[in-house]
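**Student:** Structure for the following, please:
(2 chains)
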Amino acid sequence: NAGVTQTPKFQVLKTGQSMTLQCAQDMNHEYMSWYRQDPGMGLRLIHYSVGAGITDQGEVPNGYNVSRSTTEDFPLRLLSAAPSQTSVYFCASSPRLATSTDTQYFGPGTRLTVL
Amino acid sequence: GESVGLHLPTLSVQEGDNSIINCAYSNSASDYFIWYKQESGKGPQFIIDIRSNMDKRQGQRVTVLLNKTVKHLSLQIAATQPGDSAVYFCAEGGGSYIPTFGRGTSLIVHP
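**Tutor:** All right, here's what the predicted structure looks like:
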């Protein structure tokens, strides 16, 4: 299994440009999520999905859209990039989101710079 | 605990010493707690977890202690090695809510 994969690894955008960060997992996990990580900060949840066709907002959803058409893929879209979105983005998946201790598996991250 | 500002709390230890990393959590209803290790340039990696009905859990060279009275969690690493140098995050979760992460602590191991 490849686990959780993310593309691209690095990206530079100009203010106002749009792009999609890709995330895929091959573990048949129901739950997927996107986090951003800024210097000196922990991981902050952007959006999450508890299954195909179901998405919901996390702590910092503004400026980002998601969709979950398949179990495997969970892309994150920036509609109009802003410098405040410069960050490292992590995608994660887990078997389910419940009262068990199902751990989340994280991808390697995408480092995004918005000029 | 967590510090305010852009700088992570840092713990510096000598190789071979024991390390203790602390975390204060906020939700008394959390069902479980997880410690993650994040090496430079990589995503967080699961280390160990503990359920809220436990006080202590041991893994290989790591022990997690949970004090629900003061909402405090600690990760103890025995015989710390240079490969243990990383940022360590605690996360709390459970029920219908999404796990939330602390800011992290940077562990530096000196040979």
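
**Student:** excluding its backbone neighbours, what's nearest the residue at minimal distance from the centre of chain A?
**Tutor:** The centroid of chain A falls nearest to A:Trp34 when counting by CA atoms, centre = their mean (2.6 Å). By the measure of CB to CB, 6 or more residues apart in numbering or on different chains, the closest residue to A:Trp34 outside its immediate chain neighbours is A:Ile46, 4.4 Å from it. In short, each C-beta sits where N, CA and C put it, glycine included.

**Student:** coming back round to it: just grab the bridge partners of the residue nearest to the centre of chain A for me.
**Tutor:** Applying DSSP bridges to A:Trp34 gives these bridge partners: A:His47, A:Cys91.

**Student:** Which residue, other than its chain neighbours, is closest to A:Met19?
**Tutor:** Spatial nearest neighbour of A:Met19, chain neighbours left out: A:Leu78 (5.6 Å); criterion: CB to CB, 6+ apart.

**Student:** Show me what that neighbour bridges to in the sheet.
**Tutor:** Assessed by DSSP bridges, A:Leu78 has beta-bridge partners A:Met19, A:Tyr64.

**Student:** my guess is it meets A:Gln85, correct?
**Tutor:** Yes: counting by CB atoms under 8 Å, A:Gln85 is a contact partner of A:Leu78 at 6.1 Å.

**Student:** what do these two both touch?
**Tutor:** Both A:Leu78 and A:Gln85 are contacted by A:Gly63, A:Leu112, under the criterion CB atoms under 8 Å, 6 or more residues apart in numbering or on different chains.

**Student:** and the residue nearest to A:Met19, what does it touch?
**Tutor:** Applying CB under 8 Å, 6+ apart, the residues near A:Leu78 are A:Leu13, A:Ser18, A:Met19, A:Thr20, A:Leu21, A:Gly63, A:Tyr64, A:Gln85, A:Leu112.

**Student:** Include distance to B:Asn22, pLDDT and neighbour count when you put those into a markdown table, please.
**Tutor:** Shown next, in a markdown table, are those (distance: CB to CB, whole Å; pLDDT from 0 to 100; neighbours: other CB atoms under 10 Å in any protein chain shown):
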| residue | distance to B:Asn22 | pLDDT | neighbour count |
| --- | --- | --- | --- |
| A:Leu13 | 38 | 97 | 19 |
| A:Ser18 | 42 | 96 | 11 |
| A:Met19 | 39 | 96 | 15 |
| A:Thr20 | 39 | 98 | 14 |
| A:Leu21 | 33 | 98 | 22 |
| A:Gly63 | 34 | 96 | 14 |
| A:Tyr64 | 32 | 98 | 19 |
| A:Gln85 | 32 | 97 | 19 |
| A:Leu112 | 31 | 97 | 20 |
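
**Student:** before we move on, back to that, quick one: the residue nearest to A:Met19 and A:Gln17, what's the gap?
**Tutor:** Here A:Leu78 is placed at a distance of 8 Å from A:Gln17 (CB to CB, to the nearest Å).

**Student:** Can you show me the strands along chain B?
**Tutor:** Taking DSSP state E, the strands of chain B run over residues B:10-14, B:19-24, B:32-38, B:45-51, B:56-58, B:62-67, B:72-77, B:86-94, B:97-101, B:105-110.
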